[in-house]
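*Asks:* I'd like to go over a predicted model; first the sequence, then the structure.
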Amino acid sequence: MEPPQIHNPDGGTPRNPPESGNRSSIPTPSHVVQTVKQNLVFSSKWAELNGAMGDLGTYIPIVLALTLAKNLDLGTTLIFNGVYNFITGAIYGVPMPVQPMKSIAAVAISNPTFGIPEVMAAGICTGAILFFLGATGLMKLVYKFIPISVVRGIQLAQGLSFAMTAVKYIRNVQNFSKSKTAGERPWLGLDGLILALICACFIVIVNGSGEENDEDRIINDQRANINSTSRWRKLRRIISSLPSAFIIFLLGVVLAFVRGPNVVKGFEFGPSSMKIIKISNQAWKDGFVKGTIPQLPLSILNSVIAVCKLSTDLFPDKEVSATSVSITVGLMNLIGCWFGAMPTCHGAGGLAGQYKFGGRTGGSVALLGVAKLVLGLVLGSSLVKVLDEFPVGVLGVLLLFAGIELAMCSRDVNSKEEAFVMLICTAVSLVGSSAALGFLCGMVVHLLLRLKKMGEGQRSCSTFWFHPNNS
């Protein structure tokens, strides 16, 4: 596989990164320490803090649902997830998220016989397969084989799925323990529609579309015939520097205590007592059949392939390989699930969400990891009482913008053929509620289109399978 290209800051021809796999140059301890420091540095304190809140719209509802419905050990989950966040931030230097395995969580919430032993068995099996694919180099072949149009289709489907789920959170009262809605959300109240709409408008005012820099703002002001005085530029700079997601999350925490003032009385300080989960032979079987099989395609596509593609798009100067991501996802579950920590993975939606709200380095997720670790050690599973009172409409707003940011990654598709494959993949994924089915259809359509063009001058394998612009 050819090494990814890095954009030259001087505007010249893109250059290839230095060979990281050179056996003759073994990194020294001082070099490793220096790299970790660089990966954890904050590009902007408030922006990184704000970016750390970017994937909570996905994280909190799933963790809360599993805790309420299946008695997931929240304290242990927070401790392990906090460690995962910190380590992945130090390794990759980008806001690499740690999110729940959604398919396994969905099976557990909807199936009364699928308990914690089955959940952990599914996580361990999924982690073992991903670790094997990464350690043997097979994931690298998968990454190179899948066309960019199919990846964009999966990203678009996942982003739209997040956005539609977010709208449900905003419009309807949610019963996470039963994974059902409980009627329409009222307009007024501490978790009403007006509160959610105000939070959404606040994010739009502060963050806009998420792409403007200072030069873009000056150009837009000039185009709008606005007198670009120093006072106006200063006001724009102040507004855009506000940590919108962090402010909204703090508002949700305050409202949680206002809605349930008695939650403090039930706090039991200290971490949960960790214990190894006992998994029976039947639990292994059910976990693999009902949990691992539907989760594995989603993990490979969204947690590895799409994450690596998105990371290359957002951070071209950082090298995030499919091999390393597959190995880290595998190790997280091979270790944590034995102690009852929720099965986790990386996710393109979480990365897009953290980038949307300002996360630019590994320091963003490392900060989130420290917060999770402290909460897990100090409050343990008592924290679920606060999360149960957290305004769901506010979580929906955070999830909405994370989903839109992920879906917008598909805007770089620049040919009708690629767009056709992408939209087929997206449509099937959304209607069939299966990323694996959408992926299969996208690959078949891509193959048929390439076969149709066989007589148009393609000779090599690469020009046959890949679009000329992406080969």
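*Replies:* It's in.
*Asks:* next secondary structure after the helix or strand hosting residue 140?
*Replies:* Using DSSP states H and E, the element containing residue 140 is helix 138-145. Note on helix 138-145: by DSSP H and E, the next helix or strand toward the C-terminus is helix 148-171.
*Asks:* angle of that next one against helix 138-145?
*Replies:* Between helix 148-171 and helix 138-145, the angle comes out at 100 degrees (axes from the mean of the first three to the mean of the last three C-alpha atoms, to 10 degrees).
*Asks:* what's the first helix or strand after helix 148-171?
*Replies:* strand 172-175.
*Asks:* got the contact list for that next one?
*Replies:* Residues from elsewhere that reach strand 172-175 (C-beta atoms under 8 Å, 6 or more residues apart in numbering): 61, 168, 180-185, 392. Bear in mind the C-beta positions are built from the backbone N, C-alpha and C, glycine included.
*Asks:* that strand: which residues count as buried?
*Replies:* Within strand 172-175, the residues scored as buried using 16 or more other C-beta atoms under 10 Å are 172, 174.
*Asks:* how far out from the middle of the chain is the helix or strand just after that strand?
*Replies:* Heading C-terminal from strand 172-175, the first helix or strand you meet, by DSSP H and E, is strand 180-184. Offset of strand 180-184 from its chain centre (C-alpha atoms, centre = their mean, to the nearest Å): 26 Å.
*Asks:* next, the angle from strand 180-184 to helix 148-171.
*Replies:* With the same axes, to 10 degrees applied, the angle from strand 180-184 to helix 148-171 works out at 50 degrees.
*Asks:* export the contacts of strand 172-175 to CSV and tack on pLDDT and distance to residue 335?
*Replies:* Formatted as CSV, these follow (pLDDT from 0 to 100; distance: C-beta to C-beta, whole Å):
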residue, pLDDT, distance to residue 335
61, 91, 25
168, 93, 34
180, 81, 33
181, 86, 36
182, 85, 37
183, 91, 41
184, 93, 43
185, 95, 39
392, 94, 31
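*Asks:* ok, of the residues you listed, which one's closest to residue 299?
*Replies:* Nearest to residue 299 among the contacts of strand 172-175: residue 61, at 19.3 Å, using C-beta to C-beta.
*Asks:* hang on, the closest one packs against residue 169?
*Replies:* Yes. In this structure residue 61 lies within contact range of residue 169 using C-beta atoms under 8 Å: 7.3 Å.
*Asks:* for the stretch 201-350 of the chain, which segments are assigned as helices?
*Replies:* Under the criterion DSSP state H, counting those that start in this stretch, the stretch 201-350 of the chain contains helices at 214-223, 230-240, 244-259, 281-286, 293-298, 306-314, 322-336, 348-356.
*Asks:* find the residue at the geometric middle of this structure.
*Replies:* When C-alpha atoms, centre = their mean is applied to the chain, the residue found nearest the centroid is residue 350 (2.0 Å).
*Asks:* go ahead and confirm residue 396 touches residue 166.
*Replies:* Yes. Counting by C-beta under 8 Å, residue 396 does reach residue 166; the two are 4.5 Å apart.
*Asks:* what do the two both touch?
*Replies:* What both residue 396 and residue 166 touch, as defined by C-beta under 8 Å, 6+ apart, is the set residue 57.
*Asks:* got any residues that touch both of residue 61 and residue 169?
*Replies:* With C-beta under 8 Å, 6+ apart as the test, residue 61 and residue 169 both reach 392, 395, 399.
*Asks:* can I get these in JSON lines including secondary structure?
*Replies:* Converted to JSON lines, the shared contacts of residue 61 and residue 169 look like this (DSSP: H, G, I helix; E, B strand; the rest coil):
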{"residue": "392", "secondary structure": "helix"}
{"residue": "395", "secondary structure": "helix"}
{"residue": "399", "secondary structure": "helix"}
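*Asks:* now the buried members of the residues you listed.
*Replies:* Of the shared contacts of residue 61 and residue 169, these count as buried by 16+ other C-beta under 10 Å: 392, 395, 399.
*Asks:* about what we covered before: contacting residues around the helix holding residue 140?
*Replies:* With contact meaning C-beta under 8 Å, 6+ apart, helix 138-145 is reached by 1, 130, 132-133, 300, 304-305, 308, 321-323, 326, 465.
*Asks:* 10 Å instead, please
*Replies:* 1-2, 130-134, 151, 300-301, 304-305, 308-309, 321-327, 329-330, 443, 462, 465-466 (C-beta atoms under 10 Å, 6 or more residues apart in numbering).
*Asks:* relative to helix 306-314, how tilted is it?
*Replies:* Relative orientation of helix 138-145 versus helix 306-314 (the same axes, to 10 degrees): 60 degrees.
*Asks:* mean confidence for helix 138-145?
*Replies:* In this model, helix 138-145 has an average pLDDT of 91.
*Asks:* quick check: buried residues in it?
*Replies:* Buried residues in helix 138-145, counted by 16+ other C-beta under 10 Å: 139-140, 143.
*Asks:* okay, those residues in JSON lines with distance to residue 346 next?
*Replies:* Below are those laid out as JSON lines (distance: C-beta to C-beta, whole Å):
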{"residue": "139", "distance to residue 346": "13"}
{"residue": "140", "distance to residue 346": "16"}
{"residue": "143", "distance to residue 346": "14"}
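*Asks:* which one of those residues is nearest residue 370?
*Replies:* residue 139 (29.6 Å).
*Asks:* from residue 299, how far off is the closest one?
*Replies:* Computed with C-beta to C-beta, to the nearest Å, the distance linking residue 139 and residue 299 is 11 Å.
*Asks:* and if you look at residue 82?
*Replies:* On the measure of C-beta to C-beta, residue 82 and residue 299 end up 21 Å apart.
*Asks:* who's more crowded, those two?
*Replies:* Shown here are residue 82 and residue 299; by other C-beta atoms under 10 Å, residue 299 has more neighbours (29 against 22).
*Asks:* surely the more buried one and residue 332 touch.
*Replies:* No. In this structure residue 299 lies outside contact range of residue 332 using C-beta atoms under 10 Å: 11.3 Å.
*Asks:* any shared contact partners between the two?
*Replies:* In contact with both residue 299 and residue 332: 127, 130, 343, 345-346, using C-beta under 10 Å, 6+ apart.
*Asks:* rebuild these as CSV, extending it with neighbour count.
*Replies:* Shown next, in CSV, are those (neighbours: other C-beta atoms under 10 Å):
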residue, neighbour count
127, 26
130, 27
343, 32
345, 30
346, 27
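*Asks:* which ones among those residues map onto strands?
*Replies:* residue 345 (DSSP state E).
*Asks:* who touches both of residue 139 and residue 299?
*Replies:* Counting by C-beta under 10 Å, 6+ apart, the contacts common to residue 139 and residue 299 are 130, 133, 305, 326, 329-330.
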